[in-house]
Every structure is written in C-alpha cells, then in structure tokens.
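Student: quick one: sequence plus predicted model below, questions after.
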Amino acid sequence: MKDDRSENLEQALRDAGVRVTRQRAALLRIIAAAEDHPDAAELHARAVTVGAGVSLATVYRTLTTLQAQGVIEKREFQGEPARWEAADQRHHDHMIDVDSGEVVEFTNDQIERLQAEIAARMGYDIVHHRLELYVRRR
C-alpha cells in the first residue's frame with residue numbers, strides 16, 4: 001500500500017527520468033516509512049529484510065536522485081556515514097549521541113528566538129541554519 005510520501009518519492013524519480021522498478025518502489029516505501037535517520041547501508045539492509053532485491057548501488061543512486069529532486073535531505077554528522085531524512089518536515093535540530101550514534105530530533109522555541117536575536121544584533125536575518133549537538137548520556 002502506498003502513502004502520500006512514497007507516492008511523492010516515486011513522482012520525484014519519474015520527474016528525474018528514472019524508471020520506478022519493483023525494487024525501487026519497495027525502497028521508496030522503506031524510505032517513506034523511516035522515522036529515524038538511516039544511512040544507505042541501513043536502508044539496504046531493510047530492503048533485503050523485506051525481500052526487495054535491491055543492490056546497494058541502486059540505493060545510493062536513488063538517494064542521490066531524490067536529494068537532487070529536493071524530496072530528501074542528506075545529513076552528515078561528524079564521524080558518521082551520511083544519513084537521510086524527508087525534506088517535508090518542519091524545521092528541527094539534532095542531538096547525536098557520540099557513543100551510540102543515535103540521532104534525536106528536537107525543537108526549542110527559546111533556542112530559535114535566541115539565534116534570531118543574535119543574528120539581528122549583528123545586523124543579519126537568518127536565511128537557513130542547522131544546529132547539531134553532540135551529546136553523551138550521563
């Protein structure tokens with residue numbers, strides 16, 4: 001069963017001139033369902049688990065095409081393989097556990113206001129920003 005997100009991903013591939021094979025369609029459903037920040041190897045392993053028969057090279061090509069189409073975003077956290085997330089999400093920041101590699105999304109209005117105030121004091125408007133906190137559990 002397709003949801004809106006996987007249909008949008010399929011359309012993005014078609015718009016880029018890429019044929020949506022059975023294997024790619026299965027991969028797109030996996031990407032659409034991801035609630036974490038999987039890397040290419042994790043997406044490949046998930047595809048193998050459901051019997052999609054997709055190669056790791058196809059995973060990389062598909063991710064690159066989807067990124068170029070603006071429907072997913074590549075996140076490169078220090079010392080980690082590139083991870084991927086949907087581009088249709090509300091702005092959020094990330095905490096990365098340096099021991100486990102877990103990526104936690106968070107939003108904080110206070111932090112957002114403070115960043116805007118600092119930029120304004122220095123004569124700027126924020127156009128885009130990304131906040132990554134590298135953390136360790138106590």
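Tutor: Right, received. Where do you want to start?

Student: I'd like to know how far the residue located most distally from the centre of the chain sits from residue 74.
Tutor: In the chain, the residue that sits farthest from the middle, by Cα atoms, centre = their mean, is residue 121; the gap is 32.2 Å. Going from residue 121 to residue 74 by Cβ to Cβ, to the nearest Å gives 32 Å. C-beta: built from backbone N, CA, C; applies to glycine.

Student: thinking again about what came up before, the residue farthest from the centre of the chain and residue 22, how far apart?
Tutor: On the measure of Cβ to Cβ, residue 121 and residue 22 end up 55 Å apart.

Student: any idea where the strands of the chain begin and end?
Tutor: For the chain, the strands defined by DSSP state E occupy 72-75, 83-86, 93-97, 103-106, 132-135.

Student: could you list every helix and strand in contact with the first one?
Tutor: Contacting strand 72-75 under the criterion 3 or more Cβ pairs under 8 Å, 6 or more residues apart in numbering; DSSP states H and E are the following elements: helix 56-68, strand 83-86.

Student: contacts for the longest one next, please.
Tutor: If I follow you right, that is helix 56-68. The contact list for helix 56-68 (Cβ atoms under 8 Å, 6 or more residues apart in numbering) reads 9, 12-13, 16, 18, 23-24, 27-28, 31, 40-41, 43-44, 47, 72-74, 84.

Student: circling back: could I get the contacting residues of the residue farthest from the centre of the chain?
Tutor: With Cβ under 8 Å, 6+ apart, residue 121 has no contacts at all.

Student: packed most tightly, which of the helices and strands packed on strand 72-75 would that be?
Tutor: Of all those, strand 83-86 has the most neighbours on average by mean count of other Cβ atoms under 10 Å, namely a mean of 20.

Student: if you average pLDDT over each of the helices and strands packed on strand 72-75, which is lowest?
Tutor: Out of the helices and strands packed on strand 72-75, strand 83-86 stands lowest, with a mean of 90 (criterion: mean pLDDT).

Student: residue 76 versus the spatially most central residue of the chain, what's the distance?
Tutor: For the chain, the residue nearest the mean C-alpha position is residue 85 (1.4 Å; Cα atoms, centre = their mean). Distance of residue 85 to residue 76, computed by Cβ to Cβ: 12 Å.
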